[in-house]
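Asks: below are the sequence and a predicted model for it; my questions follow.
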Amino acid sequence: MHPLTFFLLASFLPNVQLMEDLKALEEFVNRPDPHYEYTFVKEEPGLYTTERANFHYINMTSQKWLDETEVDKAVWSHELIILYPTKLKYGESCLLIVSSGEIPPETFLSELLGRFSLLYLAVRLKLFLALLTPVPIQPLTFYKHPLGRENIKNYDIMAYSWWRFINDSSVSPEMLVQFPMVKAAVRAMDTITDYVMETFQMNITKFTLAGIAMNGWTTWLTAAVDSRVDAIIPVAMDFLNFTENFLHQYRSYCGWSYGLKPFIDMNITQKLDDPGFARLASLVDPLAYNERYTNVAKLIIILSGEDVFLPDNTRHYFAQLKGEKHLRLERKNTVPDLVAAFYDLVARDKPRPNISLQITTDVVMAANLEGSKSGVDKFTEDWAMHS
């Protein structure tokens, strides 16, 4: 073979692999699964001051992930709650909140995902709202877990799935837990669309997705594979370009945050230079899908007091990020109002605040906020940004 031909072939092959990786998630999500079904359970009225919204409870099975030789719960069953405000004004849009189901009382999660808060959001916005839980299904016991751990949850599930993928070349990308998490969100959108059309004769064509931590990740990847998502609100998940941000954390702390313990325990942090880790990043790093975010409005909420990711992760992805993007460092107890305000602006196609800035090293040299206070209160009047 001519040396030039060999060089061109060698340079072309990584791009082919990257294109295949970008298709893997989409193909998995769109593959029909005979386990998918939903059943209406009940309807309950809700009253907030003088306005009403009805809760529609649905049991939904999204898929079968892996099989019984790998995990104790292979079939994923969820509760899907759809809120229908009786004074609905816009029937073509829905806010879908994806939750892990872990909602400790007296926390901002309960403030955002509790029954009263969901009711408040629905009647205030006069728009469809839905809550999907749990994603992922948990706790789970994996029979090939190298540490023999049982009934693991959240990031421990993610770390195990990453470990299997990196260390076992026979494992397909579908082993990565982000794949079924995204599929659950997409099946929820399918269910909402079908149920609302059948029950209310309204056609939902647009979704805003909100999620916290792991399900912030779900919002990013779902937007990359489903064009119905026109806006996302990832909360406490700005870990894009995560290979670089893993290294950034280690350099900043001279070590790792205790929030990354699941990945440390599974030795993931020792694999950052491994080819398997690079392949993993091409499959589930949201920045790998950057071109698909051009038409997606993004409100990235970083929480003050975050114990997993650094507040300046943004330096490694924000400038590269395509499309409309907003960034806010926020106190936990103000997240529900911010989610509601952003969704209201998106659903009604109202302009969002526009910020321009110049940064030299780490010093903000100039910033300009354009837009009036005619938008929803919290989002425009109390607008803040983090550099």
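Replies: Cool, the structure landed.
Asks: contacting residues for residue 175?
Replies: Contacts for residue 175 (Cβ atoms under 8 Å, 6 or more residues apart in numbering) come out as 66, 161, 164-165. For every residue, glycine as well, the C-beta is placed using N, CA and C.
Asks: secondary structure class of the spatially closest residue to residue 197 that is not a sequence neighbour, three-state.
Replies: The shortest distance from residue 197 to any residue other than its chain neighbours is 5.9 Å, reached at residue 203 (Cβ to Cβ, 6 or more residues apart in numbering). On the three-state scheme (DSSP: H, G, I helix; E, B strand; the rest coil), residue 203 is labelled coil.
Asks: was I right to think residue 203 contacts residue 195?
Replies: No - the criterion here is Cβ atoms under 8 Å, and residue 203 misses it with residue 195 at 11.9 Å.
Asks: the two: who's more crowded?
Replies: Neighbour totals were compared for residue 203 and residue 195, and residue 195 leads with 19 against 10 (other Cβ atoms under 10 Å).
Asks: tell me if I'm right that that one and residue 40 touch.
Replies: Yes - between residue 195 and residue 40 a contact is recorded at 7.3 Å, counting by Cβ under 8 Å.
Asks: find residues that contact each of these two.
Replies: Common neighbours of residue 195 and residue 40, using Cβ under 8 Å, 6+ apart, are 56, 58.
Asks: before we move on, back to that, and the contacts of residue 175 as JSON lines, adding pLDDT, neighbour count and distance to residue 341?
Replies: Putting the contacts of residue 175 into JSON lines (pLDDT from 0 to 100; neighbours: other Cβ atoms under 10 Å; distance: Cβ to Cβ, whole Å) gives the following:
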{"residue": "66", "pLDDT": "96", "neighbour count": "17", "distance to residue 341": "39"}
{"residue": "161", "pLDDT": "98", "neighbour count": "26", "distance to residue 341": "35"}
{"residue": "164", "pLDDT": "97", "neighbour count": "21", "distance to residue 341": "41"}
{"residue": "165", "pLDDT": "97", "neighbour count": "22", "distance to residue 341": "38"}
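Asks: just send those back as JSON lines, with secondary structure and distance to residue 333 too.
Replies: What follows is those, written out as JSON lines (DSSP: H, G, I helix; E, B strand; the rest coil; distance: Cβ to Cβ, whole Å):
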{"residue": "66", "secondary structure": "coil", "distance to residue 333": "38"}
{"residue": "161", "secondary structure": "helix", "distance to residue 333": "32"}
{"residue": "164", "secondary structure": "helix", "distance to residue 333": "38"}
{"residue": "165", "secondary structure": "helix", "distance to residue 333": "37"}
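Asks: now the common contact residues for residue 203 and residue 195.
Replies: Counting by Cβ under 8 Å, 6+ apart, residue 203 and residue 195 have no contacts in common.
Asks: how about the helices in the stretch 251-387 of the chain?
Replies: Using DSSP state H, counting those that start in this stretch, the helices of the stretch 251-387 of the chain run over 261-265, 275-284, 335-347, 377-381.
Asks: any chance you could map the helices in the stretch 1-150 of the chain?
Replies: Here the stretch 1-150 of the chain has its helices, by DSSP H, counting those that start in this stretch, at 3-30, 108-113, 115-125.
Asks: lowest average pLDDT across those helices?
Replies: Least confident of these, judged by mean pLDDT, is helix 108-113 with a mean of 54.
Asks: quick one: low-confidence parts of the chain?
Replies: Applying pLDDT under 70 to the chain picks out residues 1-21, 102-114, 356-387.
Asks: how about residue 73: what's its closest non-neighbour residue?
Replies: Distances taken as Cβ to Cβ, 6+ apart place residue 137 nearest to residue 73, at 5.4 Å, with adjacent residues excluded.
Asks: right, I mislabeled it, should have said residue 134
Replies: Computed as Cβ to Cβ, 6+ apart, the closest residue to residue 134 that is not its neighbour in sequence is residue 101, at 3.1 Å.
Asks: show me what the lengthiest strand in the chain pairs with in its sheet, parallel or antiparallel.
Replies: As assigned by DSSP state E, the longest strand anywhere in the chain is strand 51-64. With DSSP bridges as the test, strand 51-64 is paired with strand 37-48 (antiparallel), strand 75-85 (antiparallel).
Asks: columns distance to residue 154 on top of the contacts of residue 175, output as JSON lines?
Replies: Shown next, in JSON lines, are those (distance: Cβ to Cβ, whole Å):
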{"residue": "66", "distance to residue 154": "18"}
{"residue": "161", "distance to residue 154": "12"}
{"residue": "164", "distance to residue 154": "17"}
{"residue": "165", "distance to residue 154": "18"}
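Asks: would you mind listing the two of those residues that lie farthest apart?
Replies: With distances taken as Cβ to Cβ, the most widely separated pair in the contacts of residue 175 is 66 and 165, at 12.3 Å.
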